[in-house]
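Peer 1: Turn this into a structure:
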Amino acid sequence: GRIVKDKHYDSRRSRSPGRKPFAERQAPTIRWSGLSSTVAVEKLVPGGLGMARHEGQVVFVPGVLPGEEIRIELSEAKGGYRTGRLLELIKPSPDRVKPACPLYGRCGGCNLQHARYEAQVGYKRSMLEDCLRRQGGFGADGILPDISIETGEPWSYRNRQQYHILPDGQGLGFRQRESRTLIAVGDCPVASPEIRDWLKHLPVPIAPETPPASLQASEAEKGDEPDGDGRYPVFGANGQLRAGSGDFRLTLSGREIGFAVDGFFQSNVAMLEKLVALLTRWMAAAGSVGTVADLYCGCGVFSAFVPETCQQIVAVDNNPRNCQHARTNLAPGRCEVREEDVDAWLQSDDAGSVEAFILDPPRAGLSRRLLGHLLAVRAPHLFFVSCDPVTFCRDLKDLRASGYRIRELVLLDFYPQTSHIETACWLELEQP
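Peer 2: Next up, the predicted model:
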C-alpha cells in the first residue's frame, strides 16, 4: 500500500481517515484454544486465507490451498469464526510447490508462493467471482460477467519496494508477517533485476543515523517510526535505480513520466503498461467525449494517455507533490490539474459536466459522496480501476442498479506470488 509520511499525507491507498496503516498497527493477539481438528480447505478468500469449517463454524487458515486436507490448531472463537494454525498437511493439493524464497512464511510480503503460478491466477479469478456474487449481487440467475485476465512475469517484476535499516546496521530488512519485527533481506525473488543487483552490493555496516547517499531518506521520514528506523523506498526500472527520496523518470508506453520515489507509483511497470493500453483502448472506443475527470490521478499517468477523442481533462489529487509531477507530465492546454480532495472537488461547477470518469480510488472504494455524485450526474462512461475486489464489487452493485452495465471486466495480476487483485472495468450507461 501507499504510505507517504510527510505533512502532505497522501491517503489514496490508506483504509480510512484516522486509522493507522497496517504496517503501523500491532497484530491482533490470537488466543489459541489448544484444540486440533482435521478439516478440508474449501476455497481461498480475499487476502489469501484458506476457508474451512470445523463443526459448521468457519475457520481461516494461512498457507493452504483449496482441496487440501489439513490438521490445524484452532483459535478461540471470535466474531463467529476461528483462525487455524497449520499443524499437518495430510493431503496436499497438486498445485502446491516449494516456495522459491527462503524467507517465505516469515516475510510479510508474498503469501501465495506455495502455489504454482497458473493456479494462483485461477484462485484470484475465483476470489473475484466470489466477490461478484457476495458483494456485487451477481449470480442469482447463475450468470456472472465475463472476466478477462492479464498476466505478466511471475518473478523479478516488482519495481518498487520499501526497506528498513536493521537495528545493527548490517543490512536491510522487511517487516515480519503480522509483526513489527524486522527480518534481514539479502535478496528478493519478486524484486526487479535492478533492485536485486542493488541489494547484493550494499555497503555494510549501514548506520541508521547516517545512511549512505543511495539510501538517504527525506527528513520528514526520519524518526516517524516508533522504533526510530526510517522507511527507505527503492525504485528500479529500465536499468536505473533510485533509493530514499527524490524523483524518478521512466519511459512508459513511449512517454516520459516523472514521479517521487517516496510517493505513489505502481510497483509493476510492465503490468502498468498493459493497464494503460487497456484504458486507452476503452476510451478511444467510447468515441467523442467532452470532459474526462481523472480522480485520484496521482502523477497523471492515466491522463497522459487519454486519446484525442476526449477534448478536456480534469485531473484531481489531494497531494501537492503528485500534482506538481502531474503538471509536468501532462499537456497544459488540454489538461487542468486540481490540487484538492476528490470529495471537495465534487462541489465545483465543472464536476457536474463530466462525460467520463477515470476512477482509481483507495482500498476503501468510492466514498459515499462520490458514489452519490456518479449516480446523480450519470456520465455515459466510467473507467474504474480498483485494488480491492470486495469494495469494488460493493460499488459495482450500486452502479449497476443505477443503470450502468459492464462493457469489459479485466483482472490484472500486478502482484504474482501474493493474493493481491487489481481489476479494471469499463461501465457504460444504458440508454433508456
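
Peer 1: Tell me how far residue 39 lies from residue 32.
Peer 2: Computed as Cβ to Cβ, to the nearest Å, the residue 39 to residue 32 distance reads 16 Å. (C-beta placed from N, C-alpha, C; glycine too.)

Peer 1: which of these two has more neighbours?
Peer 2: residue 39 (23 against 13; other Cβ atoms under 10 Å).

Peer 1: separation between the most centrally placed residue in the chain and residue 234?
Peer 2: For the chain, the residue sitting closest to the mean C-alpha position, by Cα atoms, centre = their mean, is residue 387 at 4.6 Å. Residue 387 sits 21 Å away from residue 234, going by Cβ to Cβ.

Peer 1: ok, now residue 367?
Peer 2: 32 Å.

Peer 1: More neighbours: which of those two?
Peer 2: The residue with more neighbours, out of residue 367 and residue 234, is residue 234; 24 against 16, by other Cβ under 10 Å.

Peer 1: Next up, the contacts around that one.
Peer 2: 160, 161, 162, 163, 195, 198, 241, 242, 243, 244, 261 (Cβ atoms under 8 Å, 6 or more residues apart in numbering).

Peer 1: rerun at 7 Å
Peer 2: 160, 161, 163, 195, 198, 241, 243 (Cβ atoms under 7 Å, 6 or more residues apart in numbering).

Peer 1: Could you give the bridge partners of it?
Peer 2: residue 161, residue 243 (DSSP bridges).

Peer 1: so residue 49 touches residue 58, yeah?
Peer 2: No - counting by Cβ atoms under 7 Å, residue 58 is not a contact partner of residue 49; they are 10.4 Å apart.

Peer 1: Who has more neighbours out of those two?
Peer 2: Set residue 49 next to residue 58 and count neighbours by other Cβ under 10 Å: residue 49 wins out with 20 against 14.

Peer 1: if I look at the residue lying closest to that one once chain neighbours are set aside, how far off is residue 47?
Peer 2: Using Cβ to Cβ, 6 or more residues apart in numbering and skipping residues adjacent in sequence, the residue nearest residue 49 is residue 60, 4.2 Å away. Residue 60 sits 8 Å away from residue 47, going by Cβ to Cβ.

Peer 1: quick one, which of the two is more surrounded?
Peer 2: residue 60 (18 against 12).

Peer 1: Show me what the helix or strand where that one lies pairs with in its sheet, parallel or antiparallel.
Peer 2: Using DSSP states H and E, residue 60 falls within strand 57-61. Its sheet considered, strand 57-61 pairs with strand 50-54 (antiparallel), strand 81-91 (parallel) by DSSP bridges.

Peer 1: for the residue nearest to residue 117 when sequence neighbours are not counted, phi and psi?
Peer 2: Using Cβ to Cβ, 6+ apart and skipping residues adjacent in sequence, the residue nearest residue 117 is residue 154, 4.3 Å away. Backbone torsions of residue 154, given as degrees, to the nearest 10, read phi -80, psi -20.

Peer 1: Tell me who's in contact with residue 154.
Peer 2: Shown in contact with residue 154 (Cβ under 7 Å, 6+ apart): 117, 416, 417.

Peer 1: let's see 8 Å
Peer 2: For residue 154, the contacting residues are 117, 120, 416, 417, by Cβ under 8 Å, 6+ apart.

Peer 1: Report the separation between it and residue 259.
Peer 2: For residue 154 relative to residue 259 (Cβ to Cβ), the value is 25 Å.

Peer 1: Please apply the same query to residue 235.
Peer 2: 8 Å.

Peer 1: Could you do residue 285 as well?
Peer 2: Distance of residue 285 to residue 259, computed by Cβ to Cβ: 28 Å.

Peer 1: Which stretches in the stretch 201-350 of the chain count as strands?
Peer 2: Assigned by DSSP state E, counting those that start in this stretch, the strands in the stretch 201-350 of the chain fall at 231-237, 240-243, 247-252, 255-260, 289-295, 310-317, 335-339.

Peer 1: quick one: strands adjacent to the longest one?
Peer 2: Partner strands for strand 310-317, per DSSP bridges, with pairing direction: strand 289-295 (parallel), strand 335-339 (parallel).

Peer 1: what's the answer for the fourth one, then?
Peer 2: Taking DSSP bridges as the criterion, strand 255-260 pairs within the sheet with strand 247-252 (antiparallel).

Peer 1: All set, thanks.
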